[in-house]
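In: A predicted structure for the sequence below; I have some questions about it.
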Amino acid sequence: PITASTNSGEKRAGEEEEEEPEGPEYIPKRKAKNPMMKIGYAWMIGLPSGIIGFILAKREVDKNRLKQLKVRQRMKRSNDGDYEGSRYRHQPEEDIKLDR
C-alpha cells in the first residue's frame with residue numbers, strides 16, 4: 001500500500017523535473033522587433049494629422065457660415081423700406097375693370 005508520505009515525495013520529484021529545461025535554451029542572435037512600434041508610429045502620425053484636419057475643416061465651415069450670414073443680413077436690409085418697383089405698386093381699384 002502507498003502512503004501519503006510517498007505520494008508527496010513523488011510529486012516533489014516531478015516538480016523538480018519540470019523546472020529543468022530539456023536541451024539547449026534558445027538565445028536570439030539579434031534584437032526582436034517590437035510589434036507595437038508600427039502602432040505607435042500610426043498614432044504619432046494619425047492623431048496630429050486628424051486634429052489638424054478637423055481644425056481646418058471647422059475653419060472652412062465657419063467661413064461659409066459667415067458668408068451665408070452676411071448674405072442673409074444684406075437680403076434683410078434690402079427687404080426693409082418702401083418698394084417703388086412696378087411689381088409692388090398698388091393701383092387704384094377704380095381703374096381696374098373686369099369683363100363680365
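Out: All right, it came through fine. These numbers come from a predicted model, not from an experiment.
In: could you say which helix or strand contains residue 32?
Out: Using DSSP states H and E, residue 32 is not contained in any helix or strand.
In: and residue 37, by the same measure?
Out: helix 36-79.
In: low-confidence ranges in this structure?
Out: The chain contains residues with pLDDT under 70 at 1-21, 82-100.
In: what residues are up against residue 73?
Out: Shown in contact with residue 73 (C-beta atoms under 8 Å, 6 or more residues apart in numbering): no residues. To be clear about C-beta, it is placed using only N, CA and C from the backbone, and glycine gets the same treatment.
In: residue 66 versus that one, what's the distance?
Out: 11 Å (C-beta to C-beta, to the nearest Å).
In: shared neighbours, these two?
Out: Joint contacts of residue 73 and residue 66 (C-beta under 8 Å, 6+ apart) do not exist.
In: quick one: contacts of stretch 55-62?
Out: By C-beta under 8 Å, 6+ apart, stretch 55-62 touches no other residue.
In: can you point out the buried residues in it?
Out: By neighbour count with 16 or more other C-beta atoms under 10 Å, stretch 55-62 contains no buried residues.
In: restricting to C-alpha, output it in CSV.
Out: Written as CSV, here are the backbone C-alpha positions of stretch 55-62 (Å, rounded to 0.1, in the frame of the first residue of the first chain):
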residue,chain,number,x,y,z
ILE,A,55,-9.4,72.3,-37.3
LEU,A,56,-9.0,73.2,-41.0
ALA,A,57,-12.5,71.8,-41.8
LYS,A,58,-14.0,73.7,-38.9
ARG,A,59,-12.4,76.9,-40.1
GLU,A,60,-13.8,76.3,-43.6
VAL,A,61,-17.3,75.6,-42.2
ASP,A,62,-17.1,78.8,-40.1
